[in-house]
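# Mind folding the following:
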Amino acid sequence: MKFASYRTADGRGHYGIVDGGRVHDLATPERPSLRHFIGLSSKDAAAACALAIKGQGVPLDSVKLVPVIEQPGKILCLGLNYIEHAREGGHEIPTYPALFMRASSSLVADGDPIVRPRASEKLDYEAELAVVIGRRGRHIGEADALHYIAGYTVFNDASVRDYQRRTAQWTAGKNFDGTGALGPFLVTPDELPPGAAGLHIESRLNGQVMQSSTTSDMIFSVPKTIEILSEVMTLEPGDVIAMGTPPGVGHARKPPVWMRDGDVVEIEIERIGILRNPVRNEAAAMAAAGL
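Predicted coordinates for the structure are as follows:
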């Protein structure tokens, strides 16, 4: 199954199951967002989806998509999770994942502009697989980890590189407003290989392929990552885990390639979808938003 979060013309927030070119509303007062829905039992979720699809739905192109998990409780990110990406940045191959967190205020949806901040010209792209947690859990073993996944989506962990490197911690460069694109859809695990392994992952900037790899090249697999993270903290429905980026990022190129106003960046993961965003300077993006 495939899910989307969206707003209708009246500004109301919804989420629903995507069937062909239509989306069928699943929102209820008790379950106002997709984050609440994915916490249901599989039986209850399947019954709700079957009932929703009996309705007419609305054309997908008539609604405004929002980040597929609009307000994640946690956005947990891995750095240096592909060997060649670690090497291109001059890093040792990690034996424990480099971990950092993003704020939900940094997220944008498919089709929204990724914002190039006025503070820096060094805005980089990063194609990433994102995992969405569906069950609450702590101390989850690697062998059981796949049972805790609601689905997978696409993430662009756009990074402001000079701010990322101002300290040993990466928080500043990873949390500028409007730099984390998430979506367009949540695809359930039954549609994909276990752990979303072996899927082609690619980034394109203005149509040119910049990154091209496979999710099987990750150092820490999806199940292993869930085991590691759940040793530290409780994972909850709607938490997002961004699994790191393959080689080919802009800062490692000679000369470096930075995203600029007017660019279009696409992240594609086989069988999950294409996340497409224009790039806009902060002033233009704020003006368009009426700020």
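
# ok, Thr245 touching Leu129?
No. Between Thr245 and Leu129 there is no contact, the gap being 9.4 Å when judged by Cβ atoms under 8 Å. (Glycine included, C-beta is placed from N, CA and C.)

# Comparing those two, which residue is more hemmed in?
Thr245 (30 against 26; other Cβ atoms under 10 Å).

# so where do the helices sit in this protein?
For the chain, applying DSSP state H gives helices covering 34-37, 42-53, 83-88, 161-164, 222-232, 282-288.

# Who does the closest residue to Leu229 other than its chain neighbours form a beta bridge with?
In space, and not counting its chain neighbours, Leu229 is closest to Leu76: 6.0 Å by Cβ to Cβ, 6 or more residues apart in numbering. Beta-bridge partners of Leu76, counted by DSSP bridges, are Met101, Ile241.

# got a list of what Leu76 touches?
Neighbouring residues of Leu76 by Cβ atoms under 8 Å, 6 or more residues apart in numbering: 99, 101, 229, 239-242.

# Please produce a ChimeraX select command covering the buried subset of those residues.
Typed into ChimeraX, the next command selects the buried ones out of those (criterion: 16 or more other Cβ atoms under 10 Å):
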select :229,239,240,241,242
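
# still on that earlier bit, using CSV, lay out the helices of the chain together with distance to Gly250.
CSV is the format used below for the helices of the chain (distance: least, Cβ to Cβ, whole Å):
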stretch, distance to Gly250
helix 34-37, 32
helix 42-53, 39
helix 83-88, 11
helix 161-164, 8
helix 222-232, 25
helix 282-288, 18
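
# Minimum distance to Thr171: which of these has it?
helix 161-164 (8.7 Å; Cβ to Cβ).

# Check the offset of that closest one from the chain's centre.
Put simply, helix 161-164 sits 20 Å off its chain's centre (Cα atoms, centre = their mean, to the nearest Å).

# cool, stretch 203-218 as well?
The chain centroid and the centroid of stretch 203-218 are separated by 15 Å, computed with Cα atoms, centre = their mean.

# what's the first-to-last distance across that stretch?
Chord length of stretch 203-218, first to last residue, is 16 Å (Cα to Cα, to the nearest Å).

# For it, give the mean pLDDT please.
Here stretch 203-218 scores 97 as its mean pLDDT.

# ok, now stretch 247-254?
Regarding stretch 247-254, the rounded mean pLDDT is 96.

# Looking at the residue nearest to Leu229 now. What's its pLDDT?
At Leu76, the pLDDT value in this model is 98.

# In contact with the nearest residue to Gln169 once chain neighbours are set aside: list those residues for me.
With Cβ to Cβ, 6+ apart as the criterion, Gln169 has its nearest non-adjacent residue at 7.2 Å, and that residue is Phe100. Contact partners of Phe100, counting by Cβ under 8 Å, 6+ apart, are 77, 79, 169-171, 174.

# among those residues, which ones are buried?
For the contacts of Phe100, a burial check counting by 16+ other Cβ under 10 Å picks out 77, 79, 170, 174.

# and the gap between the third one and Phe155?
The span separating Trp170 from Phe155 equals 15 Å under the rule Cβ to Cβ, to the nearest Å.

# can you check Ala145 too?
Taking Cβ to Cβ as the measure, Ala145 and Phe155 are separated by 19 Å.
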